[in-house]
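Peer 1: After the sequence you'll find the predicted model.
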There are 6 protein chains.
Amino acid sequence: MSTTPLRPSGRQPDQPRDIRLTRDYTRHAEGSVLVEFGDTKVLCNASVEAGVPRWLRGKNQGWVTAEYGMLPRATHSRSGREATRGKQGGRTLEIQRLIGRSLRAAVDLKQLGEFTITVDCDVIQADGGTRTASITGGCVALVDAIRYLQREKKLKKDPFKQLVSSVSVGLFKGTPVVDLDYPEDSRADTDMNVVMTEQGGLIEVQGTAEAGAFSRAELNAMLDLAEGAGDTLFDHQREALGIRN
Amino acid sequence: MSTTPLRPSGRQPDQPRDIRLTRDYTRHAEGSVLVEFGDTKVLCNASVEAGVPRWLRGKNQGWVTAEYGMLPRATHSRSGREATRGKQGGRTLEIQRLIGRSLRAAVDLKQLGEFTITVDCDVIQADGGTRTASITGGCVALVDAIRYLQREKKLKKDPFKQLVSSVSVGLFKGTPVVDLDYPEDSRADTDMNVVMTEQGGLIEVQGTAEAGAFSRAELNAMLDLAEGAGDTLFDHQREALGIRN
Amino acid sequence: MSTTPLRPSGRQPDQPRDIRLTRDYTRHAEGSVLVEFGDTKVLCNASVEAGVPRWLRGKNQGWVTAEYGMLPRATHSRSGREATRGKQGGRTLEIQRLIGRSLRAAVDLKQLGEFTITVDCDVIQADGGTRTASITGGCVALVDAIRYLQREKKLKKDPFKQLVSSVSVGLFKGTPVVDLDYPEDSRADTDMNVVMTEQGGLIEVQGTAEAGAFSRAELNAMLDLAEGAGDTLFDHQREALGIRN
Amino acid sequence: MSTTPLRPSGRQPDQPRDIRLTRDYTRHAEGSVLVEFGDTKVLCNASVEAGVPRWLRGKNQGWVTAEYGMLPRATHSRSGREATRGKQGGRTLEIQRLIGRSLRAAVDLKQLGEFTITVDCDVIQADGGTRTASITGGCVALVDAIRYLQREKKLKKDPFKQLVSSVSVGLFKGTPVVDLDYPEDSRADTDMNVVMTEQGGLIEVQGTAEAGAFSRAELNAMLDLAEGAGDTLFDHQREALGIRN
Amino acid sequence: MSTTPLRPSGRQPDQPRDIRLTRDYTRHAEGSVLVEFGDTKVLCNASVEAGVPRWLRGKNQGWVTAEYGMLPRATHSRSGREATRGKQGGRTLEIQRLIGRSLRAAVDLKQLGEFTITVDCDVIQADGGTRTASITGGCVALVDAIRYLQREKKLKKDPFKQLVSSVSVGLFKGTPVVDLDYPEDSRADTDMNVVMTEQGGLIEVQGTAEAGAFSRAELNAMLDLAEGAGDTLFDHQREALGIRN
Amino acid sequence: MSTTPLRPSGRQPDQPRDIRLTRDYTRHAEGSVLVEFGDTKVLCNASVEAGVPRWLRGKNQGWVTAEYGMLPRATHSRSGREATRGKQGGRTLEIQRLIGRSLRAAVDLKQLGEFTITVDCDVIQADGGTRTASITGGCVALVDAIRYLQREKKLKKDPFKQLVSSVSVGLFKGTPVVDLDYPEDSRADTDMNVVMTEQGGLIEVQGTAEAGAFSRAELNAMLDLAEGAGDTLFDHQREALGIRN
């Protein structure tokens, strides 16, 4: 019987951190959600703009996209401001492409009309899992932006298809764990981000072996954990949005 | 006897907005202050790093600098992310130079040792006066960063000289008013930012006629208002920091 | 009775440098003025182009803007060419925004028609006060550009409102002085740039304490000096343009 | 009995394209491999340079990294040159980060000494699967670069750990297929890139639902196909390198 | 009687390297030619696009332009990728301007219709003379692109005017030589690139003294060599294109 | 007998424009020359800095380089500022590389010590021939910078080797002419820039056919004209520098 817990936080392997979703966090955005996965805090602002990108014009559909940023001191040591360096880094671009793809799975773009919804995910405080928190909180902000369009009578049909949420899983000291915080993330052997739908479908699976390799059995154990946490995340999203299950 | 108030907010000409200074707002920065001037909310994170910029090396002194940013949807309509556009705009650079100069007036750089303190001021929500709020809150974060260095026994003497705060004043419909919010700022004839010391000295005076010109008498009336608001601001700073007057 | 003059140049505190305004300095620009404030020499070229920036289209008005640059060896030691570094620095952007705002105070944009006048201020030789010289000389070039439009019968009404000029003032060794040259500017306690109209109004007041702070009384003493120098500057502008007072 | 094949190319679902690995394709690089997956042709040049990036200095280890590019007319229609546009796009950065991570799994960096091996993967002709071809061919070029270091007696131990290869799998018209070419890739419901080791371990799994979502069962069917193709790929790599199985 | 040959390669002073022109090297471009001047290998892809640059619109003519790039390890030591550095270097821009000007001499732009042909010249392997090889191979790719437009019945008249080819000449150890390879080029006293027409006319002459200066007599001797090599180059172009002399 | 002159300016084919070289034009640069070729005016400032570029360190030699710029309204219509656009154009880079190479021919870099001389050539007013004027004036500024180093006793030997000057020649309406001004340059069939030494040697020959091609005979006629003008240019340089022939 082990007295030392596996995880630095003392959490069980299948236990996600405390999740909090605060709507209307700022007042200008059509959807504004502060999402907290433990000490990771991301402000997700969904902005509605008339019109679509050039390559979609005249196709009678809308667009959903995302941008991601980190405040310079969201992390343990200060990292240079991307606006000062004159470009977004590869990691930033990779993350915001992932968030955008994931959120588009929540919406039927054909029913959105010629509107663009941009979901800005800005990390106020980082402790691991900023991209999964961004997707989970960004989806709630996206729903609020769609509701805004509906209140304004700008949409004929409801473009909302399904909730989308995301969580990280990984192998930490050989054991599959869910929702890694920074102390785990920085030492994990394998790190995987999973994006899921309410119906149990997979939208994105991105697993990376940081040391060695991982087996099919480990992959399946990690996906089981992600599914379990997904139930919790969808509950939080539905509760925040006042949706009955 | 007027029944319609001059100011959209109903405030008196010499009445600043509600000010709030929340310390330790995030957990990584050596100083982390959320400053609120009414609906304007700026997160001011002060980061301590060993070393000084190249041009100060070997001069046996420290450095204080500032960076400023605005979350894309801090404003009424979304503005493009500067990191995406690949450069900071002229307004941003102008503001962060002002904040840096102002905060250096609070510190004796000769007593700071070879440390650099960078104060990141990121606007979470904008409603006018983001640069004055940044200076006022940034000064509190700066003091916390200095206290951190003192707790860590990294400093021989106390580099803190004086509190610095800032407020805007302007001519709104011909009347001098203090601490303009966005509805006033966008229609003011003259807009002036004043940076002050506790001892009543002026650090920066930046007045701009947006329409017509302003007279010496109007300049003096505006400075009187700034002085009055300065008393309030210094009270808030001292209270937040637990400094007896 | 002091035998050592206060100012390195031997000038009296209220004495500006020799001012020279040479029109038609180059032959292509619609307005081309070489302005000299002592050893500071700035070439101000005003260019007229049909059309206005995108955000002004269809508003039935014109636009006046400015750009500022410094030849790499205008200064004591060579500074890198901004075109080579790939961006304009914060100081450059700050100055050209100030020049543009100031020159717009000389013109009724509603009467300018859909024309854009760009005033390029390029410093050939620097000895302090390049931004004030740019405004003073740029205003003359701007008037020449308006006259060109009038000769070409492109304007229905006269958009010229008033002359605008600028001078620096400061506290040098504790004494208020006007039109600081580089040896003064680099050691001044306070530096202030004042932009004025012929009618005695203030367009911009930008005062910065480089060391310590400055008092209301000192501010007023400096503004008195600026007003006095303004009379001289307006005389030079009127004489150069052949305008009777 | 179906007479119309599922796949545009007429291949069986589990049948990869013809693979070709041509070593010593150019003469300057320490490892130079042209990899062909059908009509997809990528030149993989591995360059050895003494020294490591700044953040690894003094850690007594080497570094392996990758860069990815596409000739402007590698694709059906010409795409702008990234050097002309002034930056690498998000897709490019994402791919080269993936290639670099994957190739590092082939090497024990601790045994590489303070050398950096950069693997440039430049797409000469694209027909789907450029990133998987890059990893598969890049690994062979990497081995050649290590052999070069060994011939030059620059290494004490052999840093080579294992071969790494990669293939894409996806759901095309509902059926799992392997090694998608462009006509399949552009219409697939799900697209997944798998990076594997000779020992059957997984290095990277990146699956994306382009339409709808995919199930755990579909994920497993796709991974089975990837494993099968992996056998073929490792055979080609070993044969090209003259390694006996 | 000399036993040591002058040239490192053993070639005669007037002997160009083996020339090879391979058409249809890749399958997407309208013209795709691999040109080899000995070990120098350049892929020249000509792309046809409808439309012309903004400044040519409505002028009822076409446009021919070129872009040039070098794979990072085309050279002895790896050079940084221009896309990574964020800009094309001066040498690259200079070369692609030369190629574009030279190729435009082959075409009557008035007969091209409103099409733009972009010739991308990407150096796969460099051994001196990449710009002359690019022009020589690029011209063949350009002819193929024109033939494509003719097959597609997009042109009324034939815009092809004449073949254009290019070769380098130089002074190596005091002796005029033709088609310098890298070992010669890097030590030549004078280097000259000559672009010629089939009719014996000169399109470009760019001679540079790397050490000392060159005389009119030396200039003439070099041009004689270029003319002689031109005959060979035009023969190769005609043979590749199936044009009878 | 023709009564209409060939050249718009009325000059004879072999007649260069009035040349003027004004030394000490600005006061900070070690060499400062305003060069005028008729209405073309270029300010050439030579700056001395201790140290050499990284790739020359420890090689016990100096370096001479050049930068070129054009004030936005040096030309008939305003062209965008390169600092604003964020990069130097291809034409600018090509010209400054030519100027640098040409000026290095005037100096024995081995005798220059570890100093870098940067010659900034900024075009105040353009009327054709800005690059040839830059080389001719830049060489005088370079000599002044060397003399400065000699006065300061920083050099052991004299690094000055020879004067270098440059002029353009071309075919205008089929006739060879020298020193083309803008009206000629913009309509010339062939344009050639020639850089020469006092001893009659050629440093650079850059001839471009703008329409058709040019023959060997035309090339020789143009070079004859350049040689003739070279005599005049060297006389002006020697006179300006007080060098007896």
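Peer 2: On my side now, so go ahead. Just so it is clear, the model here is predicted, and its values are computed rather than measured. Residues are numbered from 1 along each chain as shown, chains lettered A, B, ... in the order given.
Peer 1: Grab the longest helix from chain A for me.
Peer 2: helix A:216-241 (DSSP state H).
Peer 1: which strands and helices sit next to that one?
Peer 2: Helix A:216-241 is packed against strand A:19-23, helix A:130-151, strand A:164-172, strand A:175-178, strand A:190-197, strand A:202-209, strand D:202-209, helix D:216-241, with contacts defined by 3 or more C-beta pairs under 8 Å, 6 or more residues apart in numbering or on different chains; DSSP states H and E. For the C-beta atoms, the positions are set from N, CA and C on the backbone; glycine is no exception.
Peer 1: repeat that with 7 Å
Peer 2: strand A:19-23, helix A:130-151, strand A:164-172, strand A:175-178, strand A:190-197 (3 or more C-beta pairs under 7 Å, 6 or more residues apart in numbering or on different chains; DSSP states H and E).
Peer 1: Could you dump those into a markdown table and include mean neighbour count?
Peer 2: Below are these laid out as a markdown table (neighbours: other C-beta atoms under 10 Å in any protein chain shown):
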| stretch | mean neighbour count |
| --- | --- |
| strand A:19-23 | 18 |
| helix A:130-151 | 26 |
| strand A:164-172 | 28 |
| strand A:175-178 | 22 |
| strand A:190-197 | 25 |
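Peer 1: Dump those into CSV; add mean pLDDT and distance to C:I117 as well.
Peer 2: Listed next are those as CSV, based on pLDDT from 0 to 100; distance: least, C-beta to C-beta, whole Å:
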stretch, mean pLDDT, distance to C:I117
strand A:19-23, 98, 49
helix A:130-151, 98, 42
strand A:164-172, 98, 52
strand A:175-178, 97, 63
strand A:190-197, 97, 54
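Peer 1: Tell me how many other residues surround whatever residue of chain A ends up closest to chain E.
Peer 2: Closest approach between chain A and chain E, counting by C-beta to the nearest C-beta: A:K87, at 7.6 Å. Neighbourhood size, A:K87 [other C-beta atoms under 10 Å in any protein chain shown]: 19.
Peer 1: how about it, what does it touch?
Peer 2: B:G86, D:K87 (C-beta atoms under 7 Å, 6 or more residues apart in numbering or on different chains).
Peer 1: and with 6 Å instead?
Peer 2: B:G86 (C-beta atoms under 6 Å, 6 or more residues apart in numbering or on different chains).
Peer 1: got it, and A:Q162?
Peer 2: Per C-beta under 6 Å, 6+ apart, neighbours of A:Q162: A:A106, A:T197, A:E198.
Peer 1: Spatially central residue in chain A, please.
Peer 2: For chain A, A:I135 is the residue whose C-alpha lies nearest the centre (C-alpha atoms, centre = their mean; 1.7 Å).
Peer 1: Who does the residue lying closest to that residue once chain neighbours are set aside form a beta bridge with?
Peer 2: Nearest residue to A:I135, sequence neighbours excluded (C-beta to C-beta, 6 or more residues apart in numbering or on different chains): A:S166, at 3.9 Å. Following DSSP bridges, A:S166 is listed with bridge partners A:V195.
Peer 1: Using the three-state scheme, assign A:A74.
Peer 2: coil (DSSP: H, G, I helix; E, B strand; the rest coil).
Peer 1: what does A:H28 give?
Peer 2: coil.
Peer 1: if I look at it, how far off is A:Y148?
Peer 2: 12 Å (C-beta to C-beta, to the nearest Å).
Peer 1: Measure how buried the residue in chain A positioned nearest to chain C is and give me the count.
Peer 2: Going by C-beta to the nearest C-beta, chain C is nearest to A:G86 of chain A, at 7.5 Å. Using other C-beta under 10 Å, A:G86 has 18 other residues around it.
Peer 1: Quick check, A:V195 in contact with A:V167.
Peer 2: No. Counting by C-beta atoms under 6 Å, A:V195 does not reach A:V167; the two are 8.8 Å apart.
Peer 1: on that earlier part again, gap between the residue nearest to A:I135 and A:I146?
Peer 2: A:S166 is 19 Å from A:I146, by C-beta to C-beta.
Peer 1: Check A:T26 too.
Peer 2: 18 Å.
Peer 1: again with A:K41
Peer 2: 24 Å.
Peer 1: and if you look at A:N45?
Peer 2: 14 Å.
Peer 1: quick one: contacts of whatever helix or strand A:E49 lives in?
Peer 2: Using DSSP states H and E, A:E49 maps to strand A:40-50. By C-beta under 6 Å, 6+ apart, the surrounding residues in contact with strand A:40-50 are A:29-35, A:115-127, A:129-130, A:133-134, A:137-138, A:141-142, A:145, B:73, B:78.
Peer 1: sec struct for A:T84, please.
Peer 2: Per three-state DSSP, A:T84 ends up helix.
Peer 1: That one: what's it in contact with?
Peer 2: Contacts of A:T84 (C-beta under 6 Å, 6+ apart): none.
Peer 1: Alpha carbons of the helix-or-strand element of chain A with minimal mean pLDDT, in CSV - could you do that?
Peer 2: Counting by mean pLDDT, DSSP states H and E, chain A has its least confident helix or strand at helix A:82-85, which shows a mean of 89. Listed next in CSV are the C-alpha coordinates belonging to helix A:82-85 (Å, rounded to 0.1, in the frame of the first residue of the first chain):
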residue,chain,number,x,y,z
GLU,A,82,5.3,37.6,-29.7
ALA,A,83,4.1,41.0,-30.9
THR,A,84,7.6,42.4,-29.9
ARG,A,85,9.4,39.6,-31.6
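Peer 1: still on that earlier bit, okay, the helices and strands packed on helix A:216-241 in CSV with distance to D:T232 next?
Peer 2: Output for those, formatted as CSV (distance: least, C-beta to C-beta, whole Å):
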stretch, distance to D:T232
strand A:19-23, 44
helix A:130-151, 34
strand A:164-172, 28
strand A:175-178, 31
strand A:190-197, 25
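Peer 1: looking at these, which is closest to C:T65?
Peer 2: Relative to C:T65, the nearest member of these by C-beta to C-beta is helix A:130-151, separated by 35.9 Å.
Peer 1: For chain A, which residues score under the pLDDT cut-off?
Peer 2: A:1-3 (pLDDT under 70).
Peer 1: If we use 90, what do you get?
Peer 2: A:1-5, A:84-87, A:210-212, A:244-245 (pLDDT under 90).
Peer 1: Next to chain C, which bits of it? Give me the list.
Peer 2: Applying the criterion C-beta under 6 Å from any C-beta of the partner chain, no portion of chain A neighbours chain C.
Peer 1: Name the SS class of the residue of chain A closest to chain E, please.
Peer 2: Per three-state DSSP, A:K87 ends up coil.
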